[in-house]
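Novice: got a structure for you, letters missing:
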């Protein structure tokens, strides 16, 4: 894929809505396409968080492995959503496993490259944090609701 | 003389507290704590007409009576169908009923989902847990009159994969090309390949036109609170959002006082409310 | 105008005639129920003659206190109100709704409520007439009709009495429900005690009232008798111990659901439900299902319930109103506020029973004033709120 069409792919995604073309170019340079088959691991808990993913199509489960129950899915990330934000925060390690559960096409973005660019450019840094924070907050909120175990009634 | 003018007025005196006896046709297990009763009316399954969203008071012989929403098809009203969660003495007694047993029925009571007002519009149904049961009649109605509606979306959240109600029907509806049906579970272990996460997570990517949407919500109050917020965030108008409320009920006809919710009686003014009508009291704690 | 005429006493009777009148009611098949002394309180129970009435007694009431006292005269109705209200006859505290018997495949249901006892209520006060009308809206005012309430209220004969004195916990004048009776009665008396004179001025409120009155000796009322009623009622108004500012009261309570005053009340409130039991308009009930040992005979009973009990708001998963604060708020906001939305009138008639019979002397009139006052303080002194 050439740079221009990658640029166009990213621009389609709501996450990048309104971002300046200069930054879009920069991100496109760090981007590549990838495809995962069902049950294929996208990243693994504890590994270095070196990229994040824009899900173009498919479904990815965020899982945590438990000794007694095996992998427990915490949430699923679907078409149009962003997968992965541990690359933003020291020590840049994945906190969960991510496993494709449907054939999943993503744009993988090299996070190390982006992190370096952010360190050098406060405006870019702000742009991206501004876009990632609502995602993190929404996931936190969803997790809180899950914690309530709303549908459970004590007998 | 009469103490009030009211007592003088001639009226038909049918005691609203008297049950009619229905016979159990079948008891079907849905999940580990829910089951569906199919009931035949007193005259070999006579007509029982109701509007989607209404409820009955069901009486287990000698044990007690509970309000249960009707979850069958309003278009073909025989048999009368109730999906019940076994959480107390009465519902557990109902779980043990056998084909041929008698059960007392009073109803139908209460307000209905606005299936007529939603004609020509997108309909978005958001439900969680056993909240799907009171919405199923509305969904049946919409399916039977599919051409009357624009886009139809059903978003359903359950606790786990094993807690999903009406699994076979959901599968069938998911297969229809003119329905958007999404199911999610709060937590998943093992074989589940579907969505994981709270039901509100399904709202942002559901296909509907907020300005032309009627939303029907039923589930635990907290779930409804967040669902309403997310729908409003997408641009659905408050007056087009409907919720079904739950409170204690002993009579269903406004006598017992138990189901008061601010100035409303859930039994008479509800259980289905237009959100804009209860917005002021919806978030008040312990009301 | 005719409506004006009915508010004027037309006849005058003495105590003997009143006894005859009670006799007429009995001979017409009424069970005659009136005030009498029992366990040091004036309660409602069956009476035979005026001797059964609390002759010469009055009651002294205040927040959390009630005691009987000799008046020093022979007044029949010289007391204010006791703990009972007439609701116990129209909406019994425990009532079987139906019974059902199962015999193999068959099931037979026997409804109740076909009772045809006619009751004559003696010495019903203005606030109580209003309370009955308010409860009637609950039980027979909608598409659903409670057959017991319907039959019992339809068949009741009501002999009202204008209050000749007010108690310290009375506030009917501010609720516009008294002390003068203004309808809903068959006959209304005003007791006149003036030296040796002991008479009852009678207003007629219905045809049957006129018929019953016609069976006893009476004389025509004179113009001054009419003034006498006005004077007595005016005197009672002047004695009224408490009052409530009802302006905007529904909205006041609704917009003050988060007022800190509720927490203060909750610290005192025992959640004992006394106020709801003595309240003449409280209508909440629960049901109880019972079976015999064979399991083939079951009954369903309705009993008075109270929004102050923990179970009242139980739904699968817990209580909606688990704090005392929320329960008191529910009761008072309903009584004075949301009742208007539901039934087009206040649920409070200002009888003061909830004040008198509260074991810790919580006073609804004071609490309304406190809510009103603190709201004003909140609005005018924003700095104080942060303190």
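Specialist: In hand now; what should we look at? Given the structure is predicted, the values throughout are model-derived calculations rather than measurements.

Novice: Compute the distance between residue B:116 and residue B:149, please.
Specialist: Per CB to CB, to the nearest Å, residue B:116 is found 11 Å from residue B:149. Just so you know, the C-beta spots here come from the backbone N, C-alpha and C atoms, and that holds for glycine as well.

Novice: meant to ask about residue B:283, not that
Specialist: Distance, residue B:283 to residue B:149, by CB to CB: 30 Å.

Novice: Of these two, which one has the most company?
Specialist: Comparing residue B:283 with residue B:149 by other CB atoms under 10 Å in any protein chain shown, the one with more neighbours is residue B:149, at 19 against 11.

Novice: from what I can see the more buried one touches residue B:124, true?
Specialist: No. Using CB atoms under 8 Å, residue B:149 makes no contact with residue B:124, being 10.8 Å away.

Novice: ok, now which ones touch residue 94?
Specialist: The chain I'm using is chain A. Contact partners of residue A:94, counting by CB atoms under 8 Å, 6 or more residues apart in numbering or on different chains, are A:43-49, A:84, A:86.

Novice: try chain C instead
Specialist: Contacts of residue C:94 (CB under 8 Å, 6+ apart): C:301-304.

Novice: Give the residue spans of chain A that score low on pLDDT.
Specialist: Where chain A drops to pLDDT under 70, the residues are A:1, A:154-155.

Novice: In it, what residue comes closest to chain B?
Specialist: Residue nearest to chain B within chain A: residue A:151 (3.5 Å; CB to the nearest CB).

Novice: That residue and residue C:135: what is the separation?
Specialist: In terms of CB to CB, residue A:151 sits 40 Å off from residue C:135.

Novice: Looking at these two, which one has more neighbours?
Specialist: Higher neighbour count among residue A:151 and residue C:135: residue C:135, with 27 against 21, using other CB under 10 Å.

Novice: got TSV for the contacts of residue A:94, with secondary structure and neighbour count too?
Specialist: Below are these laid out as TSV (DSSP: H, G, I helix; E, B strand; the rest coil; neighbours: other CB atoms under 10 Å in any protein chain shown):
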residue	secondary structure	neighbour count
A:43	strand	24
A:44	coil	14
A:45	coil	14
A:46	coil	11
A:47	coil	13
A:48	strand	15
A:49	coil	21
A:84	coil	27
A:86	helix	20
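
Novice: all strands for the stretch 1-150 of chain B, in order.
Specialist: B:20-31, B:34-40, B:55-60, B:64-69, B:80-85, B:102-109, B:122-128 (DSSP state E, counting those that start in this stretch).

Novice: Which strands border the fourth one, and is each parallel or antiparallel?
Specialist: Listed by DSSP bridges, the sheet partners of strand B:64-69 and their directions read strand B:55-60 (antiparallel).

Novice: contacting residues around the residue nearest to the spatial centre of chain A?
Specialist: When CA atoms, centre = their mean is applied to chain A, the residue found nearest the centroid is residue A:83 (1.7 Å). Going by CB under 8 Å, 6+ apart, residue A:83 touches A:42, A:52-55, A:60, A:77, A:98, A:106.

Novice: which of the residues you listed sit farthest apart?
Specialist: Based on CB to CB, the longest span within those runs between A:54 and A:98 and measures 13.4 Å.

Novice: Local confidence estimate at the closest residue to residue C:85 other than its chain neighbours?
Specialist: Spatial nearest neighbour of residue C:85, chain neighbours left out: residue C:280 (3.5 Å); criterion: CB to CB, 6 or more residues apart in numbering or on different chains. The confidence metric pLDDT takes the value 98 at residue C:280.

Novice: Then the one 3 residues further on?
Specialist: At residue C:283, the model reports a pLDDT of 97.

Novice: wait, isn't it in contact with residue C:90?
Specialist: No. Look at residue C:283 against residue C:90 with CB under 8 Å: they stay out of range, at 10.2 Å.

Novice: Let me know the secondary structure of residue C:294.
Specialist: coil (DSSP: H, G, I helix; E, B strand; the rest coil).

Novice: Give the bridge partners for residue C:220, please.
Specialist: Following DSSP bridges, residue C:220 is listed with bridge partners residue C:11.

Novice: wait, what's in contact with it?
Specialist: Contacts of residue C:220 were listed using CB under 8 Å, 6+ apart, and they are C:10-12.

Novice: Same question for residue C:315.
Specialist: So residue C:315 contacts B:246-248 (CB under 8 Å, 6+ apart).

Novice: Report the entries of those residues that also contact chain C.
Specialist: B:246-248 (CB under 8 Å from any CB of the partner chain).

Novice: so which of these comes closest to chain A?
Specialist: Closest to chain A, out of all of the ones next to chain C among the contacts of residue C:315 and judged by CB to the nearest CB, is residue B:246, at 11.6 Å.

Novice: Count the neighbours of that closest one for me.
Specialist: Residue B:246, neighbours per other CB under 10 Å, totals 23.

Novice: Which residue, other than its chain neighbours, is closest to it?
Specialist: residue C:315 (5.6 Å).

Novice: And the one you found, what's its pLDDT?
Specialist: Confidence score, pLDDT, at residue C:315: 87.

Novice: List the beta-bridge partners for it.
Specialist: residue C:318.

Novice: Save the contacts of residue C:315 as CSV, and put in secondary structure and pLDDT too.
Specialist: CSV is the format used below for the contacts of residue C:315 (DSSP: H, G, I helix; E, B strand; the rest coil; pLDDT from 0 to 100):
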residue, secondary structure, pLDDT
B:246, coil, 91
B:247, coil, 91
B:248, coil, 92
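
Novice: Can you give me the pLDDT of the residue nearest to the spatial centre of chain B?
Specialist: Note on chain B: the residue nearest the mean C-alpha position is residue B:134, at 1.6 Å, using CA atoms, centre = their mean. Confidence at residue B:134, expressed as pLDDT, is 97.
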